[in-house]
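Q: Provided below are the primary sequence and the corresponding predicted coordinates.
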Amino acid sequence: MTPTSTADEANPRSRRHRTVVSVVGVMTAAVLAFTGGQAAFAAVEEIDPDNVANVEATTTAEEPVQPAAEVEPVAEPEPVAEPEPVAEPEPEPEPEPAPIGWPLYKTAYAGTIYELVDFVTPMPLSYERWRDEYGFRAPERTATDYVKYPWSPTIYAVTFWPGDENAWQWDRLDYNQWRSAGQPGARNAGWIKGSYYYKWGTSPELFVEGADGVNHKLTAREWRDSGYRPFADRSNEGFMKLSWTSDIVRMTNIGAGHGYRIGGGEWREEAYPAPQVRQRIPGDQFYRFAGQNTVWYAGPAMNRPVTYAEWKAAGSPQPRIRSPRFDGDAGVLRVGVDVEPGTYRSTGNEDFCYWARLSGFGGFEDIIDNYIGNGSAYVTITSSDVAFETSRCNDWVKVG
């Protein structure tokens, strides 16, 4: 505390003046502190001593101190949960480069590599293209099945290219191909591509000829298993048998009466078609020569004399009377029908007489033997000949 002098005590006004100065100094310091000093200090006015009493009264009056209001504690904020870290998206994998060209395939039984153009059409791939375009890329194995018919040992490979059955690839395997494929077992199939279904005109039976040439007579179940494949109706062909002989005739043209007798081997190869049994065959005839009583039969199956019992079983037909002579410019004659087997002579020819023995009616390839020339001509027609052709010749006369 600052001591006061006696003069001060005697002069209260001087004491109040010092008090005011002290208060002003405190206020000035506060203002300087608040405003940074110079501007506020210049604004303080000189205090009038006459107002000191008012200031002193204001500053010396003891006012009761009000207790400070208790400040409610501020609730501490709840800790904010830290956000979970967001997983960074994984980088998308880079697309694999597209393969060059088309898919390549190869069967197990052959060396051909195929490129599946447009993913649909198999095309054989050349070595140069495989090397230059594909870099010797290894081909995949084809989807291939192995099948056979129950009645034939032939094994077929069927490769299932995209599409229906018309797009499948069929191959008939030989022994080496079958071994290359690993000697696979073959399942029985109801239908194999290249099979030919047909029906003869002399029977309701259905047949199938495989790609290997093996013929088979179908049962109802086998035809069903084939998917009821359409068949060719060979209505003008078939097999016939005379009711009074054991001979079976293969009819190549029923309407024209063309055919020939077949043996057991050919009938077996044809899968034993049931022959149509008849008394007579179209185009046949019974005949005898003038002045003779022997009756002959001439037809596609044979040309021979018949017994009385055979003639009766044939219906006792009236035989035609034949001359041992026939026209040398008659063209093509059926052996056993138009001309009987035997040896014949034609004489005095001057216009290059031509004759030919024929095994059929197909053309040049059916010629068994032929001749062209002038003068006398001789020919022996056998019972196995199918036809005899003659032109620009004089009449033929039988001499043996």
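A: Done, it's in. Numbers count the residues shown, from 1 in each chain.
Q: okay, CA-based contacts and neighbour counts for the rest of this
A: Noted.
Q: quick one: residues in contact with stretch 224-232.
A: 190, 191, 196, 197, 198, 199, 206, 223 (Cα atoms under 8 Å, 6 or more residues apart in numbering).
Q: correct me, but residue 348 touches residue 376?
A: Yes: shown here, residue 348 and residue 376 form a contact pair, counting by Cα atoms under 8 Å, at 5.9 Å.
Q: mind listing the helices for the stretch 201-350 of the chain?
A: 220-225, 264-269, 308-313 (DSSP state H, counting those that start in this stretch).
Q: in CSV: these, plus distance to residue 232.
A: Formatted as CSV, the helices of the stretch 201-350 of the chain follow (distance: least, Cα to Cα, whole Å):
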stretch, distance to residue 232
helix 220-225, 14
helix 264-269, 19
helix 308-313, 35
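Q: identify the farthest-apart pair in the contacts of stretch 224-232.
A: 190 and 199 (18.0 Å; Cα to Cα).
Q: what about those two, which has more around it?
A: residue 199 (20 against 17; other Cα atoms under 10 Å).
Q: follow-up on the earlier one: reformat the helices of the stretch 201-350 of the chain as CSV; add distance to residue 178, mean neighbour count and mean pLDDT.
A: Listed next are the helices of the stretch 201-350 of the chain as CSV, based on distance: least, Cα to Cα, whole Å; neighbours: other Cα atoms under 10 Å; pLDDT from 0 to 100:
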stretch, distance to residue 178, mean neighbour count, mean pLDDT
helix 220-225, 25, 13, 97
helix 264-269, 26, 12, 95
helix 308-313, 55, 14, 95
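Q: would you mind saying which of those lies nearest residue 341?
A: Nearest of these (Cα to Cα): helix 308-313, 20.1 Å.
Q: so residue 333 touches residue 381, yeah?
A: No: using Cα under 8 Å, residue 333 is not in contact with residue 381; the gap is 11.3 Å.
Q: any residues in contact with both of those two?
A: Common neighbours of residue 333 and residue 381 (Cα under 8 Å, 6+ apart) are residue 388.
Q: of these two, who's got more company?
A: Per other Cα under 10 Å, whichever of residue 333 and residue 381 has more neighbours is residue 381, with 20 against 17.
Q: ok, and the closest non-adjacent residue to the more buried one?
A: In space, and not counting its chain neighbours, residue 381 is closest to residue 341: 4.8 Å by Cα to Cα, 6 or more residues apart in numbering.
Q: so the one you found versus residue 297, what's the distance?
A: Noted for residue 341: a distance of 12 Å to residue 297, by Cα to Cα, to the nearest Å.
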